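A.B. asks: Turn this into a structure:
(2 chains)
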There are 2 protein chains.
Amino acid sequence: MRIAESNPSRKRILDCGVGGNDPKIAIFQEYGYELYGIDIDADQLKNAREFASKHGIHLNITEGDMREIPFDDEFFGFVMSYLSMVHLTKEDIAVAINEIHRVLQKGGLCYNNFLSKEDKGYDKSRANSLGEIKSNDSGFQANHSYFDDGEPDKYFQEFEIIYSAKIYNFIGNYHNTRRTCILDYIAKKR
Amino acid sequence: MRIAESNPSRKRILDCGVGGNDPKIAIFQEYGYELYGIDIDADQLKNAREFASKHGIHLNITEGDMREIPFDDEFFGFVMSYLSMVHLTKEDIAVAINEIHRVLQKGGLCYNNFLSKEDKGYDKSRANSLGEIKSNDSGFQANHSYFDDGEPDKYFQEFEIIYSAKIYNFIGNYHNTRRTCILDYIAKKR
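C.D. replies: Residues are numbered from 1 along each chain as shown, chains lettered A, B, ... in the order given. Next up, the predicted model:
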C-alpha cells in the first residue's frame, strides 16, 4: 500500500484472478482507486460479486483469462495477482506476465506472488522436471507451479524488480491459505 | 491491518520506539485509532513529532522506556514495535514484552519483529553466546539481538501467537532498513 501510494501512476488497478470470497483488491477502494478484476472461473466470480455487493465495493468484474487480458494497452497503473498465477504452468506464467506488462502504463507497478519449492505443498516425487505438479482437484485437472529462490526473476526482464522476498509462515495462515512459503514480487514497468 | 480491524479491542494503539522520520503507526489514524508512542531517544522523538505535525497525524508522544512503559495496566487494545526492540538485550526483550502484556487489555494484540541470525548484519564472530552483538554505533554503545527460528516464541508464553513468519528480502529494502531477514510476530494477550 505504501509503495502504491508513492507511485504517480494512474489510480486504476486490475486484479488477475479476483474471484473468491475475499478479493484482496477491495482494500484499494478507500484509497481512491478504480477497481477492475478478471477471473477465468465463473463460480469464483460470483463469490467476488457477492462480496463487493455486500461491502459496497465498486468492482468492475469481467470473465477473462490473464493469458489474454481483455483490456487495452497501458490501461492500468497497477496490476496485482494473488496466489492465482500459481495455477498456471510456468510457460503460461510468462505469457500472463507479458500481458500484465502490455496493459500497464510505463512506470506502472505489478504485484505477484509464487509458490516456493519450500512450501509444504511441494512434493518433488509428484512434480515434473519444471517443478509443476498436476493434480485432480475437485474433479478438474489443476496445476501448481513451484519455484526456486530467484527463479521468477526471469519473468520480469522488461520490468525493474523493486522488491522481492521469500516469506516462511511458521504459525498462522498465509492470508487464509494453507501456504507456508511464498515468493513475493513488486516490479515496475520500465 | 486486516487482523487489527477484525479484533474487537479498544482502538488505542501504542508504538514502542516510535521515534524517527517515518513512524509506522501513522497508518492507523485513518482507521480511527488513537495513536500513542514512546521512545527512549529524545532526538528521534523530535523527528517523529515533525512528521506528525507535517502530515496532520494526532500522535501522543511520551519520552519513555519500553522496559517500563509509562501507562496504566490494560490501557491499550494494540501495541506494536518495529525494529526497535532489536536494540535491547534478550533479557531486556523479555522485560519489554512483559510490559507490553501488562498494558494490553485481555484479547489485545501486539506486533513485534526481531532480527534473524540469517540477516546479513549477523556476524557470529562478533556475537556473544546469546546471539547479541555490541557495537560502537555513532559514539554510543549499541546492541543488536539476533535470533534462531522460533526462538522468540518463548517471550509469548502469556499470549497466543496468531502469526509468526520469517521474511527474507532478496531485492529492495525492508521498509527502508538494510535488513535482509526478519522474524515477524503477531500475538494476542490471553
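A.B. asks: if I look at the residue nearest the centre of chain A, how far off is chain B?
C.D. replies: What sits nearest the mean C-alpha location of chain A, by Cα atoms, centre = their mean, is A:S81, with 1.6 Å. Using Cβ to the nearest Cβ, to the nearest Å, A:S81 is found at 18 Å from chain B. Every C-beta, even on glycine, is put in place using the N, C-alpha and C of the backbone.
A.B. asks: go on, A:I93?
C.D. replies: A:I93 is 18 Å from chain B, by Cβ to the nearest Cβ.
A.B. asks: where does the spatially closest residue to that residue that is not a sequence neighbour fall, phi/psi-wise?
C.D. replies: Spatially, and ignoring its direct neighbours in sequence, A:I93 is nearest to A:M85 (5.6 Å; Cβ to Cβ, 6 or more residues apart in numbering or on different chains). Main-chain dihedrals, A:M85, degrees, to the nearest 10: phi -60, psi -20.
A.B. asks: same check, this time on A:A26
C.D. replies: Dihedral angles for A:A26 - degrees, to the nearest 10 - are phi -50, psi -40.
A.B. asks: Report the contact partners of the nearest residue to it once chain neighbours are set aside.
C.D. replies: Closest residue in space to A:A26, ignoring its immediate chain neighbours: A:I57 at 4.9 Å, by Cβ to Cβ, 6+ apart. Going by Cβ atoms under 8 Å, 6 or more residues apart in numbering or on different chains, A:I57 touches A:P23, A:A26, A:Q29, A:L35, A:F51.
A.B. asks: which one of the residues you listed is nearest chain B?
C.D. replies: A:A26 (10.3 Å; Cβ to the nearest Cβ).
A.B. asks: Report how many residues lie close to the closest one.
C.D. replies: 20 (other Cβ atoms under 10 Å in any protein chain shown).
A.B. asks: next one: A:R67
C.D. replies: Counted with other Cβ under 10 Å, A:R67 comes out at 17.
A.B. asks: mind checking how far it is from chain B?
C.D. replies: Distance from A:R67 to chain B, by Cβ to the nearest Cβ: 26 Å.
A.B. asks: tell me the contacts of that residue?
C.D. replies: Per Cβ under 8 Å, 6+ apart, neighbours of A:R67: A:L88, A:D92, A:V95, A:A96, A:E99.
A.B. asks: And the furthest pair within the residues you listed?
C.D. replies: A:L88 and A:E99 (11.2 Å; Cβ to Cβ).
A.B. asks: Pull up the overlap in contacts between those two.
C.D. replies: A:M66, A:R67.
A.B. asks: So for these two, which sits in the more crowded spot?
C.D. replies: A:L88 (22 against 19).
A.B. asks: Now that one: closest residue in space, sequence neighbours ignored.
C.D. replies: Per Cβ to Cβ, 6+ apart, closest to A:L88 is A:A96, 6.0 Å.
A.B. asks: again with A:Y111
C.D. replies: That would be A:M80: by Cβ to Cβ, 6+ apart, it lies 4.4 Å from A:Y111.
A.B. asks: What of A:N128?
C.D. replies: A:N128's closest residue in space is A:K134 (Cβ to Cβ, 6+ apart), at 7.7 Å.
A.B. asks: Doesn't the one you found lie inside a strand?
C.D. replies: Yes: looking at A:K134 with DSSP: H, G, I helix; E, B strand; the rest coil, it is inside a strand.
A.B. asks: hang on, isn't it packed against A:S145?
C.D. replies: No: applying Cβ atoms under 8 Å, one finds A:K134 not in contact with A:S145, separated by 10.4 Å.
A.B. asks: Those two: which is more packed in?
C.D. replies: Taking other Cβ under 10 Å, A:K134 and A:S145 do not tie; A:S145 has more neighbours (23 against 13).
A.B. asks: Would you tell me what helix or strand the closest residue to A:L59 other than its chain neighbours is located in?
C.D. replies: Spatial nearest neighbour of A:L59, excluding adjacent residues (Cβ to Cβ, 6+ apart): A:A52 at 4.1 Å. Assigned by DSSP states H and E, A:A52 falls within helix A:42-55.
A.B. asks: For chain A, which segments count as strands?
C.D. replies: A:12-16, A:34-39, A:59-63, A:76-80, A:104-116, A:132-137, A:140-147, A:159-171, A:181-189 (DSSP state E).
A.B. asks: Redo those as CSV? Include mean pLDDT and distance to B:I182.
C.D. replies: Output for the strands of chain A, formatted as CSV (pLDDT from 0 to 100; distance: least, Cβ to Cβ, whole Å):
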stretch, mean pLDDT, distance to B:I182
strand A:12-16, 96, 27
strand A:34-39, 96, 31
strand A:59-63, 94, 33
strand A:76-80, 96, 23
strand A:104-116, 96, 17
strand A:132-137, 84, 30
strand A:140-147, 88, 21
strand A:159-171, 94, 10
strand A:181-189, 96, 13
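A.B. asks: Quick one: closest of those strands to B:K120.
C.D. replies: Closest among the strands of chain A, using Cβ to Cβ: strand A:159-171, at 13.9 Å.
A.B. asks: Show me the contact partners of that closest one.
C.D. replies: Taking Cβ under 8 Å, 6+ apart as the rule, strand A:159-171 contacts A:3, A:101, A:109-110, A:116, A:118, A:149-150, A:152-153, A:174, A:179-190, B:149-150, B:161-172.
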